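A.B. asks: I'll drop the sequence and a predicted model, then ask my questions.
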Amino acid sequence: MKTGNMLWERIKKFSHQDLFLVITIIGLLPAIYDFSLFALFGFSQSNFGDLDPEKVSFLQKLHFRSLWLFPLGLYLAVRYRRPDRFIGLLPYVFSFAVFIILQYDLLPENSGFLFTIFYFACYKLAFFYMVEEGNLRSLPMVVGLMVVWILLDVYHFFLFLTYTALVKLIYLAIVQNFAIFKNTRVKKNFSLFGKSVLYWSPLLLFIIPSAIFSNKIHKKAVDGIYANTFVETTDSINRFKRVQFEKDLKISVDKEVDSLKVSINAAMDSVKVESEEMSVALPNKAGKTFYKVVPDELGKVIPGLMKEECTFPNIFCYFENGVKGEMDKSYKKSRKRGHKNLVKEVRDLTQSKNDSIQALANNTKQLVETRLEDVKTGLRKTIQGVFDLNLFINLLLDILFGFVIVKSFMYVFSRVAFSQEASNYISLLENEEGMNSGTLKKFENQYTIPISSNQDFFVSRSYEPSGRAPKFSIPQWNKAFIGRIFTGNYAMNHIKMDQADTSVYFRAMGGKEFVEWELAEDEEVIFNFKNFVGMSANIKISAVISMRLTSLLLGRIIFTTAKGPGKLVLMTTGKPIISDERKAEASVAVSRILAWQRNTRFQVESEVNLVDVFMSGIYLKKQPSDLILIDADVKGKAKSGIVKFIKNFLMPI
């Protein structure tokens, strides 16, 4: 109930800026639909003249229906004196141009290239405006994603989300690191860049083969579609492009349906209706003829889509059969819909006219041919869906691949830059000003929440402390949800100590120990939910995305913060080291640092050479006055190697 009230309060605070960002996202729908928004250079992968009428109709609807929002967007730009918002309205300008051009046929000859440039400028600039102004975790983005899902499909939803996240990260990397490069000599920046390229270059042994392999897999999948269906190409060089595939599919499906029409004509010519009750006999005969000519399974139309016998180890076979099964369902629905519409139309025909039996039979034959359009539409959607699924996976992998390249190079660059001089320090965020300091306490293997505390606590559901039955709760539902979901801490147990009749006891197993960080007013601490035990109710948690070079060496780009006042309880794997101990002044491996103050500055110690950049980790040393929690050095898997290096880029949580 409390979570619902919080959501309602957020909706009531939906500002004019939130509304304008939703309008901008809706304006981007045509470029999302034809995949051009995700293209490297932004040029459209579709053209109105090259598309079938159904796709043209839908694309035009996206352009023209969104124009209803243009006056509202214009009002929000003028009313609040925000001229920059006109950038977010550029897609509407393009849609209006498309409307006028199609309405009056105004597009001059040989102007297609200029029109494409105009398309590129409008949609890319509006998208960059949305990225700069918006937030991935904001309500406008959630609303926009739901609109994409409802009006388009889940493929476009995931592509848009992934692509936007990547561009947002690149934008943050530029903005957050601008001051660092600005304060460094240009000559030194070139020197650091050159060394970074040298040390990063071994990753090309992974990047180049992966890119070649991905491209070959994509082309092999498209070749498989051509080989296993009746689709024939008219341009073997461009057969892997979406526009060319749509042309080939249209021609091939038309040819296939034409062969069905020949069978329909032969079957209907043999139909002789002698009964006076034509309203019953003719519709039934037409329906039976339709079902007889149009196969009842997709595999009978396209042999390559027949399900195969699968053996247990062959997981891919079961997956392919599942996809084929869904395609067959789609085909059967279109076949059933065509049959239903045909019977109804023929029945209406016999009841509304007094034509001769032969004339009615001829009209019925024409209706049967018309209803084959349902089958044609179903076939095209089914085969196009397979191609689009392959394109979707390929684009998604390209986007993730780009993310790996960018983040890996930035990591190497930051390691080179901050390991050169002892005077260089790294920090999580821009704010390096002083803040209030709380206290750290160790409790060995038992932690107690005393009955006298009269304080609410939220506890990880992974623990079952003595003294209080669990009470399901989702505190701060919109905060740090990625880290909480990945570690199983999105939902927590709510402990109300003012209603408890005894203290609550936690007991750790083995050598694990509890540490309590009592945060002062406005003190912020970075921690990981993997070590989370519980927190007092007044602690405010949040997630921070940092692409700064000074924070990449900490191993992640998404960090969880806890803001005081309040108590944060964490668990270590062994005997911990806290700030007031002498051992805390020594340098330590990044993986052993469990929590630290948001403004803590670390000095970097690492070997910088072609081998150690990949095979050895880095050590960090805090400043004397900063608070920190260090875990024990527990023996486990080797904490070095290229596999772990790559994994950190793919999973930046």
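C.D. replies: Looks like it arrived, so ask away.
A.B. asks: show me where pLDDT drops low in the stretch 1-150 of the chain?
C.D. replies: 1-14, 40-57, 105-112 (pLDDT under 70).
A.B. asks: As a check, name the ranges of all helices in it.
C.D. replies: Per DSSP state H, counting those that start in this stretch, the stretch 1-150 of the chain carries helices over the ranges 2-12, 16-27, 29-33, 53-65, 70-79, 85-88, 90-104, 112-133, 139-151.
A.B. asks: Any idea which of those gets closest to Leu169?
C.D. replies: helix 112-133 (9.9 Å; Cβ to Cβ). Glycine gets a C-beta too; all of them are placed from N, C-alpha and C.
A.B. asks: Show residues contacting that closest one.
C.D. replies: Contacts to helix 112-133, defined as Cβ atoms under 8 Å, 6 or more residues apart in numbering, come from residues 17, 21, 24-25, 27-28, 30-31, 36-37, 41-44, 47, 84-85, 87-91, 93-94, 97, 107, 164, 167-168, 171.
A.B. asks: Just the buried ones from those residues?
C.D. replies: Buried by 16 or more other Cβ atoms under 10 Å: 17, 21, 24-25, 27-28, 30-31, 36-37, 42, 44, 85, 87-91, 93-94, 97, 107, 164, 167-168, out of the contacts of helix 112-133.
A.B. asks: is it true that Leu19 touches Tyr75?
C.D. replies: No: judged on Cβ atoms under 8 Å, Leu19 makes no contact with Tyr75 at a distance of 10.5 Å.
A.B. asks: Looking at those two, which is more packed in?
C.D. replies: More crowded of Leu19 and Tyr75, by other Cβ atoms under 10 Å: Leu19, with 16 against 12.
A.B. asks: So, low pLDDT: which residues of the stretch 301-450 of the chain?
C.D. replies: Scanning the stretch 301-450 of the chain for pLDDT under 70 picks out 303-305, 312-324, 326-327, 351-365, 369, 420-424, 429-434.
A.B. asks: picking up where we left off before, go through the helices of the stretch 1-150 of the chain and pick out the most buried.
C.D. replies: The highest mean neighbour count among the helices of the stretch 1-150 of the chain, using mean count of other Cβ atoms under 10 Å, belongs to helix 29-33: a mean of 24.
A.B. asks: Show me what it is packed up against.
C.D. replies: When contacts are defined as 3 or more Cβ pairs under 8 Å, 6 or more residues apart in numbering; DSSP states H and E, helix 29-33 sits against helix 53-65, helix 90-104, helix 112-133, helix 139-151, helix 154-182.
A.B. asks: Just put the helices of the stretch 1-150 of the chain in JSON lines and tack on distance to Glu309.
C.D. replies: Below are these laid out as JSON lines (distance: least, Cβ to Cβ, whole Å):
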{"stretch": "helix 2-12", "distance to Glu309": "49"}
{"stretch": "helix 16-27", "distance to Glu309": "46"}
{"stretch": "helix 29-33", "distance to Glu309": "38"}
{"stretch": "helix 53-65", "distance to Glu309": "36"}
{"stretch": "helix 70-79", "distance to Glu309": "56"}
{"stretch": "helix 85-88", "distance to Glu309": "54"}
{"stretch": "helix 90-104", "distance to Glu309": "50"}
{"stretch": "helix 112-133", "distance to Glu309": "47"}
{"stretch": "helix 139-151", "distance to Glu309": "36"}
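A.B. asks: between those, which one is nearest to Gly555?
C.D. replies: Of all the helices of the stretch 1-150 of the chain, helix 112-133 comes closest under Cβ to Cβ, at 25.2 Å.
A.B. asks: Strands of the stretch 551-653 of the chain, start to end?
C.D. replies: Counting by DSSP state E, counting those that start in this stretch, the stretch 551-653 of the chain has strands at residues 558-563, 566-572, 577-578, 588-589, 593-597, 602-605, 619-622, 628-630.
A.B. asks: The ones you listed into a markdown table, with extra columns for distance to Asp374?
C.D. replies: Formatted as a markdown table, the strands of the stretch 551-653 of the chain follow (distance: least, Cβ to Cβ, whole Å):
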| stretch | distance to Asp374 |
| --- | --- |
| strand 558-563 | 48 |
| strand 566-572 | 61 |
| strand 577-578 | 71 |
| strand 588-589 | 65 |
| strand 593-597 | 62 |
| strand 602-605 | 66 |
| strand 619-622 | 66 |
| strand 628-630 | 66 |
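A.B. asks: which stretch among those strands comes nearest Arg461?
C.D. replies: Nearest to Arg461, of all these, is strand 566-572, at 14.2 Å by Cβ to Cβ.
A.B. asks: The closest one vs strand 558-563, what angle?
C.D. replies: For strand 566-572 against strand 558-563, the angle by axes from the mean of the first three to the mean of the last three Cα atoms, to 10 degrees is 130 degrees.
A.B. asks: Go ahead and measure how far strand 566-572 is from the middle of the chain.
C.D. replies: 32 Å (Cα atoms, centre = their mean, to the nearest Å).
A.B. asks: Adjacent strands (with direction) for that strand?
C.D. replies: Note on strand 566-572: by DSSP bridges, its sheet partners are strand 513-519 (antiparallel), strand 532-536 (antiparallel).
A.B. asks: what's the closest of those to Gln60?
C.D. replies: strand 532-536 (51.6 Å).
A.B. asks: buried stuff in the closest one?
C.D. replies: Judged by neighbour count (16+ other Cβ under 10 Å), strand 532-536 contains these buried residues: Phe532, Val533, Gly534, Met535, Ser536.
A.B. asks: Now do the helices in the stretch 451-600 of the chain.
C.D. replies: Under DSSP H, counting those that start in this stretch, the stretch 451-600 of the chain gives helices at 481-487, 549-552.
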